[in-house]
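Enquirer: below: sequence and its predicted model.
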Amino acid sequence: MQVKKDNTNQIITSLRLQIIIGIINAIFINIAINLLMPKVWPNFPVVEVCILVGLLPILALIDLALFVKFKQLILNLLWILVIDGIILTTILYLIGEMRYLFVFIYLMPIMMSAPIFPLRRLIILPIVYSLFFTTMVFLEYLGMIQIIDTPHLEITIFYILLVSTVTIILIHAITIIIGRTMDKINERDWQLRLTYKELQDSQDKLVKVEKLAAVSQIAAEAAHEVKNPLQVIKSGLYYLKITHKEDIDAQQTIQQMDSAVGRATGFINDLLNFSKPLELKTTKCQVNKLIKEAIKELPEELLSNIDVTQNLASDLPEINVDSDRIRQVLVNLVKNAAEAMGGVKSKKLKVKSERGGDFIKIGISDTGKGITTEDISKIFEPFYTTRGKGIGLGLAICQRLIEAHQGRIEVDSEVGKGTTFVVFLPI
């Protein structure tokens, strides 16, 4: 039997309701039976009916426990509804000729199941229950079961057909009314859930737009203050490059400084254009070379107490990327990994490159404090940071740069053991 979508809470609520109503019914029925029946109907099977009525909430309680434990209920629920029908039919049999006053107790499990099953499935229950009731009456007619306390009742074929028809029509009619009503309620509930989800998505997009607007404002204010000093530094480096032409070591250092200044300028430009499409200047590049350059560019003191391992595949093809942008991403990720191991005794940083299908994968792993599941879902959002310093834009920009290359960044982390960022770049 198929269950409506997203109905875990409905199943639990339905079973709880069945337990509560079953207990209430059991209490009131027991009181009524014990107080009234001995006077009105001396031969009424008080003990048997009380026991059978008490079984209904117990069965629902068992099924609820199974569902909470195993998160699988449908087969169990179908069987418990069938057992409910057998118990209710037995109660009606024991009641005897007054059973027709109580035939609508079949509706109790049907009503409890209505929030879970659609009408096309729910209609199976009255068919099964009507079959139980008709079978009971027919077996009494054949003499296969004893007729209990029915001195004024003559069972004939006409009687069986009449009882069966009336029972089937009434139970089915009420079931259809209940089923259609619950279908409408569930459909409206589903629509409300979808509307709520759409509102949440719209709100998230609005917040993102506001953050992007804030980024642009901050960048515009900072650009003037930062760009001018960077230009002065770049001019100074140009002068040093001319005056120290013969010093090879100095030329290498100047070149590294000039590249860093260029990326810093590019970073400011990225902030200014954070909400605009990126313009990439792609060329054929070796990924391993970019990795080595990124690590070399970081301050020596940052990596001095860290065991850095480079496991770089030698058979990687050249790919079309914007080398400055990818280098910026790698510098940021390696820097974050190194800083994440502050206060950790065993500091190990591993950089790995390999081919994975149609992508080149660059993995950067650390043995830092790790990132919680809640933080992982937010670390790529602008202005979100788990550290005391920084404004929380580094990873947001990294993700944007990688996505501009039609790639992606994945994160795997375990608190207390470390984090791994994996960059996927298409070949």
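Expert: Structure's in. What do you need? Numbering: from 1, shown residues only.

Enquirer: give the other helices and strands that the lengthiest helix in the chain contacts.
Expert: Ranked by residue count under DSSP state H, the longest helix found in the chain is helix 157-243. Here helix 157-243 touches helix 107-113, helix 119-122, helix 124-142, helix 248-272, going by 3 or more C-beta pairs under 8 Å, 6 or more residues apart in numbering; DSSP states H and E. C-betas here are computed from N, CA, C, even on glycine.

Enquirer: what about the strands in the stretch 251-400 of the chain?
Expert: Ranges of strands in the stretch 251-400 of the chain, per DSSP state E, counting those that start in this stretch, are 283-285, 307-312, 319-321, 348-356, 359-366.

Enquirer: ranking these by burial, who's on top?
Expert: strand 359-366 (a mean of 22; mean count of other C-beta atoms under 10 Å).

Enquirer: what about that one, average pLDDT?
Expert: Mean pLDDT, strand 359-366: 94.

Enquirer: kindly report the same for stretch 375-382.
Expert: pLDDT averaged over stretch 375-382 gives 83.

Enquirer: which parts of that stretch are buried?
Expert: 379-382 (16 or more other C-beta atoms under 10 Å).

Enquirer: what about the closest residue to Asp322 other than its chain neighbours, how many neighbours?
Expert: Excluding its sequence neighbours, the residue lying closest to Asp322 (C-beta to C-beta, 6 or more residues apart in numbering) is Leu280, at 4.2 Å. Using other C-beta atoms under 10 Å, Leu280 has 15 neighbouring residues.

Enquirer: isn't Leu280 right up against Ala404?
Expert: Yes - with contact defined as C-beta atoms under 8 Å, Leu280 reaches Ala404; the gap is 6.0 Å.

Enquirer: who touches both of the two?
Expert: Common neighbours of Leu280 and Ala404, using C-beta atoms under 8 Å, 6 or more residues apart in numbering, are Arg325.

Enquirer: follow-up on the earlier one: and the residue nearest to Asp322, what is it in contact with?
Expert: Leu280 makes contacts with 321-322, 325, 404-405, as judged by C-beta under 8 Å, 6+ apart.

Enquirer: in TSV, list those along with pLDDT and distance to Tyr239.
Expert: Formatted as TSV, the contacts of Leu280 follow (pLDDT from 0 to 100; distance: C-beta to C-beta, whole Å):
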residue	pLDDT	distance to Tyr239
Val321	93	32
Asp322	93	28
Arg325	90	28
Ala404	89	35
His405	92	35
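
Enquirer: for the residues you listed, pick the one with the most neighbours.
Expert: Ranked by the number of neighbours (other C-beta under 10 Å), those place Val321 first, at 26 neighbours.

Enquirer: quick one, what contacts the closest residue in space to that residue that isn't next to it in sequence?
Expert: Nearest non-adjacent residue to Val321, counting by C-beta to C-beta, 6+ apart: Cys285, 5.4 Å away. Cys285 sits next to 318-321, 323, 326 when contact means C-beta under 8 Å, 6+ apart.

Enquirer: export the strands of the stretch 251-400 of the chain as CSV, with columns for distance to Asp375.
Expert: Formatted as CSV, these follow (distance: least, C-beta to C-beta, whole Å):
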stretch, distance to Asp375
strand 283-285, 32
strand 307-312, 25
strand 319-321, 29
strand 348-356, 20
strand 359-366, 15
